[in-house]
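[1] here is my input; please provide its structure:
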Amino acid sequence: MKQHLQRPSWSLLVACALSTALAGCASTAGIEPQARALPALDAGLAETGTSADLSPEWWRELHDGRLDGLIARALQGNPDLRAARARVERAAAATVAADAAGMPQVNGSLDATRQRYTENGAVPYPLAGSTRDSGAVQLAGSWELDFFGRHRAQLQAALGIERAARAEVAAARVMLAAQVARQYVQLGRLFEQRSVAERSLAQRQEVLGLIRQRVGAGLDTQVELRQGEGALPEIRQQLESLDEQIALGRHALAALTAQPPHALNGLQPALPALHDVPLPQQVPADLLGHRADVEAARWRVEAATQDVAMAKTQFYPNVNLSAFVGLSSIGLDRLIDAGSRQYGAGPALRRRSSTPVGCAPTCAARRPNSTRRSKATTLPSSMRCATSRTSSRRAVPSSASAASGRRRRRRPKPLTTSRCSATAPAWAGT
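    Numbering: from 1, shown residues only. Purely as a prediction, here's the structure:
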């Protein structure tokens, strides 16, 4: 009885020794991150500086109610922003799945089958040739112990991707608001240019009237009259070009705010109504770090770092605990009997078998001659055919010389597979 109780402990010790021996040849060299921090002065920024408070609704500082309404409508109905929010939800679901992978897993099953058993197979009497009902009810659970931090790194990588997706949503908001504000200001600038062109047209029409009066009085000739008349079509052409640009600007602003093309035909922004926003004299590095796109890139770098850490844990074994309990019987009337119960529990140790880093060059160095011989004997098919045709035209040697030639020629030995050779990854469990 004592020896029977000591067997599991010896098996566990042997399994731990085997996993340690398997992990001994694993190396994570060559997968370290190569990125280095960039000094602020190299990017043309100041290392120190007063960081101003950034408002997420910076456009409200312009004090224009129509602009506030357009940006609010754009942030609510823009399809690109909706797609960015959908990516956040997908990343959040991936985070929940990564968190659940490190928790105990519980599965339940219920099976009921009517089966006819073969008479000529490995089925004992009286089941052979009979048709019976069978059922099984089972509850199984498993838990992978995170000794080497694989699930923890996977969760941190998923969290980094989720935070990057949220930062990308903020970056999309800022970009969309900036595009709406820029288009709004551009539209106001076009109206100011049109106002200037209208005043210029009125001025030239007045000048043309004066020229006509001077021509009627005999003070000017027809040359001055034609010059005055030729200046008007140019101004009218500028007005038509500005009207076209204003229509295009309104349509672009309607597209940004998810409205029909002609919904903003009456919009006429006024630039004097906008207030100036004070800007800092010098942009510090920490202020640049508050940009949403910079934050998204930083979180993606953090997620990639955790991916590297998770890849390193693949070199170590996985320890799983599993158990099951349930009922199983042939004949549904006996499924709930006490004799139909079944249960079990036990640990499992698995390690992914892969090519040890650094062993392949060593193994190749042990067989330089055989490798050269195998390469020398590997000929293209065209050369082999030419060699066979040439040898068939020659005289057939005698049996004695052929035998001596066969003894002198040695066939190259094929490469043997060693424990350090590159093989396809496989899973082995104990």
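
[2] ok, residue 107 touching residue 141?
    Yes. Counting by Cβ atoms under 8 Å, residue 107 touches residue 141, with 7.4 Å between them. (Glycine included, C-beta is placed from N, CA and C.)

[3] what about the two, which has more around it?
    More neighbours surround residue 141 than the other of residue 107 and residue 141, with 15 against 10 (other Cβ atoms under 10 Å).

[4] now do residue 86, the pLDDT please.
    At residue 86, the pLDDT value in this model is 93.

[5] count of neighbours near residue 229?
    Around residue 229 there are 13 residues (other Cβ under 10 Å).

[6] could you check how far it is from residue 221?
    The gap separating residue 229 from residue 221 is 13 Å, by Cβ to Cβ, to the nearest Å.

[7] same thing with residue 276?
    If you measure residue 276 against residue 221 using Cβ to Cβ, the figure is 51 Å.

[8] looking at the two, which one has more neighbours?
    Counted by other Cβ under 10 Å, residue 276 and residue 221 do not tie: residue 221 has more neighbours, with 10 against 7.

[9] all helices of the stretch 51-200 of the chain, in order?
    65-77, 79-101, 150-216 (DSSP state H, counting those that start in this stretch).

[10] which helices and strands sit right next to whichever helix or strand comes after the last one?
    Going back to what we said before, that points to helix 150-216. Using DSSP states H and E, the helix or strand that follows helix 150-216 in sequence is helix 222-256. Using 3 or more Cβ pairs under 8 Å, 6 or more residues apart in numbering; DSSP states H and E, the elements in contact with helix 222-256 are helix 65-77, helix 150-216.

[11] what's the spacing between the closest residue to residue 76 other than its chain neighbours and residue 317?
    Sequence neighbours aside, residue 258 is the residue nearest to residue 76 in space, at 7.9 Å (criterion: Cβ to Cβ, 6 or more residues apart in numbering). Residue 258 sits 54 Å away from residue 317, going by Cβ to Cβ.

[12] who's more crowded, those two?
    residue 317 (23 against 16).

[13] burial measure for residue 161, as a count.
    Residue 161: 24 neighbours (other Cβ under 10 Å).

[14] just for the stretch 151-300 of the chain, where's the confidence low?
    Judged by pLDDT under 70, the stretch 151-300 of the chain has its weakly predicted residues at 280, 283-285.

[15] flag every buried residue along stretch 88-102.
    88, 91-92, 94-95, 98, 102 (16 or more other Cβ atoms under 10 Å).

[16] touching it from outside, list them.
    Here stretch 88-102 makes contact (Cβ atoms under 8 Å, 6 or more residues apart in numbering) with 144, 146, 151-152, 154-155, 157-159, 161-162, 164-166, 169.

[17] got the CA coordinates for it in PDB?
    Presented in PDB, the C-alpha positions along stretch 88-102 are these (Å, rounded to 0.1, in the frame of the first residue of the first chain):
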ATOM      1  CA  VAL A  88     -12.900  48.900 -29.900                       C
ATOM      2  CA  GLU A  89     -15.800  46.500 -29.100                       C
ATOM      3  CA  ARG A  90     -13.900  43.700 -31.000                       C
ATOM      4  CA  ALA A  91     -10.700  44.400 -29.000                       C
ATOM      5  CA  ALA A  92     -12.700  44.500 -25.800                       C
ATOM      6  CA  ALA A  93     -14.200  41.100 -26.600                       C
ATOM      7  CA  ALA A  94     -10.700  39.700 -27.400                       C
ATOM      8  CA  THR A  95      -9.600  41.000 -24.000                       C
ATOM      9  CA  VAL A  96     -12.400  39.200 -22.300                       C
ATOM     10  CA  ALA A  97     -11.500  36.000 -24.200                       C
ATOM     11  CA  ALA A  98      -7.800  36.300 -23.200                       C
ATOM     12  CA  ASP A  99      -8.800  36.800 -19.500                       C
ATOM     13  CA  ALA A 100     -11.200  33.800 -19.600                       C
ATOM     14  CA  ALA A 101      -8.400  31.600 -21.100                       C
ATOM     15  CA  GLY A 102      -6.500  31.800 -17.800                       C
END
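
[18] tabulate the helices and strands packed on helix 222-256 in CSV, adding columns for distance to residue 338.
    Below are the helices and strands packed on helix 222-256 laid out as CSV (distance: least, Cβ to Cβ, whole Å):
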stretch, distance to residue 338
helix 65-77, 64
helix 150-216, 39
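
[19] what is the end-to-end distance of stretch 335-345?
    Separation of the first and last residues of stretch 335-345 by Cα to Cα, to the nearest Å is 21 Å.
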